[in-house]
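*Asks:* Compute the structure for the input listed below.
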Amino acid sequence: MHLFKKLLKPLVIFAGLVTVLTVWVVSAKVVEPNSTADRKQAAEADNAFGFRLFNELIQKEKPVTNVVVSPLSAATVVTMTAGGAAGETRDAVMKVLGVEEMNMEQVGRTAGGLLSFLESTDDAAVFKSFQSVWVGRNFKPSASFRDFNRNHFGAEVAALDFSDPAAPKYINDWVTKKTEGLVKDILDIVPPDAVLYLVNAVYFKGVWTYPFKADGTTEAPFILSNGDTVTCTMMSSPMLKVPYFYEEKLGFFAVELPYGDGRFAMTVVLPDKNRDLTEIITALNAEKWRDLTARMNIDNVLLKLPKFKLESGSLLNDALKNMGMGIAFDAGRADFSGMQDNNARSLWISRVLHKAVIEIDEAGTEAGAGTAVEIKKGPPVPQLTADRPFLFAVREISSGTILFLARVADPTK
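*Replies:* Predicted coordinates for the structure are as follows:
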């Protein structure tokens, strides 16, 4: 009962409303790391998923827009969701995850074991991953679905009254706390027909093995993809002896900057001046990335790297649909019968929300990400946003008499 101690305190609400949270809580279970072969298999699948997801996201953004995503966070929460899928829905999700040749027990064991392995780090590089399942008042998840996420992912399970306006704050505060304050407000609202949220939060903090010197940081020009120039804060390194590689065919440099004792590193890919970064990203996949990192050799490198903080939030629905998971978002076809013992064929994924933050400075890197899968029950609820010209009428209902009729072309005038 140590979970959510602060959240389990009764919430005093005017008008005599009862406590929002406190129906039941299932504590997390410690997941043991798996074998080296399992870890490599899980990492390879996650990387393949990550490159496909990243390519989907950058295609929607302008070349001058920053995009940051945690493939591991997104893959983890999609895998958690797969634990309650069945039939064609499970097949589609497993294929998108790149684990269609495995059964669910293997998928859970390898994915959960990879997270557990990553958390065993050195003192100068910390990685943490947290999973939670938030259950609406009138929804009771099946024991098999609950156990899948608890046993393989150490997921914390808690009940929450989704009808209360404060409900999003509980989930947001959980993600913010787990990411050391980096990721805020991943969830905007809880729709009235939402019944379940599966949430992941990851946090990373690494100190450079070879820190940049503060006195080497200066203001310097940075050329955007459209040719415009902006001024950034540029860090300069002393001579580094680090992994380095030049890819002549695609036209880019790659250098690897280690953290701590070298278990984690940042790999920087810099295109030639006449090459387009988007073309390089599109050409990369998990196999080519593995080949690239294997071909790097230790060399002397002088590096200048901007000091920056990136933050972006994404709705992953379209990306995951394009990758092959469309059936899971279809209220008429999705099959999540493994999530609930009764009437589970009416469950479907309405939103997959993702938010990531990463900050780079002279000392190292701090990053956090959160991903939430929103599960709804029943047919979709129409959502109308009057963000374009519209017509309205004021009328008397019984007679149908129109009192006023208007077109709103610009509500600011």
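
*Asks:* so where do the helices sit in the stretch 101-250 of the chain?
*Replies:* Taking DSSP state H, counting those that start in this stretch to define them, one finds helices in the stretch 101-250 of the chain at 104-118, 143-153, 167-178.

*Asks:* For residue 376, find the nearest of those.
*Replies:* Nearest of these to residue 376, taken as C-beta to C-beta: helix 167-178 at 14.5 Å. All C-beta spots, glycine's among them, are computed from the backbone N, C-alpha and C.

*Asks:* That closest one: which residues count as buried?
*Replies:* 167, 168, 170, 171, 172, 174, 175, 176, 178 (16 or more other C-beta atoms under 10 Å).

*Asks:* so what secondary structure elements neighbour that helix?
*Replies:* Helix 167-178 makes packing contacts with strand 125-135, strand 156-160, strand 194-207, strand 364-377 when contacts are defined by 3 or more C-beta pairs under 8 Å, 6 or more residues apart in numbering; DSSP states H and E.

*Asks:* same thing but 7 Å
*Replies:* strand 125-135, strand 194-207 (3 or more C-beta pairs under 7 Å, 6 or more residues apart in numbering; DSSP states H and E).

*Asks:* How about residue 272: what's its closest non-neighbour residue?
*Replies:* Leaving aside its chain neighbours, residue 272 sits nearest to residue 251 (4.2 Å; criterion: C-beta to C-beta, 6 or more residues apart in numbering).

*Asks:* Where does pLDDT dip in the stretch 1-150 of the chain?
*Replies:* Within the stretch 1-150 of the chain, the segments meeting pLDDT under 70 span 1-34, 120-122.

*Asks:* so where do the strands sit in the stretch 151-300 of the chain?
*Replies:* Taking DSSP state E, counting those that start in this stretch as the test, the strands found in the stretch 151-300 of the chain are 156-160, 194-207, 218-223, 229-236, 240-247, 252-259, 264-271, 297-301.

*Asks:* strands paired with the last one, and their directions?
*Replies:* Each strand pairing with strand 297-301, determined using DSSP bridges, is listed with its direction: strand 240-247 (antiparallel).

*Asks:* Flag every buried residue along the strand it pairs with.
*Replies:* 240, 242, 243, 244, 245, 247.

*Asks:* Now it: average pLDDT?
*Replies:* Mean pLDDT, strand 240-247: 91.

*Asks:* Need the residues that contact that strand.
*Replies:* 210, 253-258, 292, 295-301, 303 (C-beta atoms under 7 Å, 6 or more residues apart in numbering).

*Asks:* Recalculate using a threshold of 10 Å.
*Replies:* 208-210, 212, 252-258, 265, 267, 269-272, 280, 283-284, 288, 291-303 (C-beta atoms under 10 Å, 6 or more residues apart in numbering).

*Asks:* elements contacting the helix ranked longest in the chain?
*Replies:* Scanning the chain for the longest helix, with DSSP state H as the assignment, gives helix 36-60. With contacts defined as 3 or more C-beta pairs under 10 Å, 6 or more residues apart in numbering; DSSP states H and E, the packing partners of helix 36-60 are helix 71-82, helix 87-97, helix 104-118, helix 277-283, helix 286-294, strand 308-315, helix 317-320.

*Asks:* Can you tell me which of these is packed in deepest?
*Replies:* Across the helices and strands packed on helix 36-60, averaging neighbours per residue (mean count of other C-beta atoms under 10 Å) puts helix 71-82 on top, at a mean of 26.

*Asks:* Next, the angle strand 308-315 makes with that helix.
*Replies:* 20 degrees (axes from the mean of the first three to the mean of the last three C-alpha atoms, to 10 degrees).

*Asks:* roughly how far is helix 71-82 from the heart of the chain?
*Replies:* 8 Å (C-alpha atoms, centre = their mean, to the nearest Å).

*Asks:* again with stretch 299-313
*Replies:* Distance of stretch 299-313 from its chain centroid, counting by C-alpha atoms, centre = their mean, is 22 Å.

*Asks:* same question for that stretch, mean pLDDT?
*Replies:* Rounded mean pLDDT across stretch 299-313 is 90.

*Asks:* Can you flag the buried ones in the contacts of strand 240-247?
*Replies:* Buried subset of the contacts of strand 240-247 (neighbour count, 16+ other C-beta under 10 Å): 208-209, 212, 252, 254-258, 265, 269, 271, 280, 284, 292, 296, 301, 303.

*Asks:* contacting residues for residue 375?
*Replies:* Contacts for residue 375 (C-beta under 10 Å, 6+ apart) come out as 81, 84, 135-136, 139, 141, 193-198, 328, 334, 336, 339-340, 347-351.
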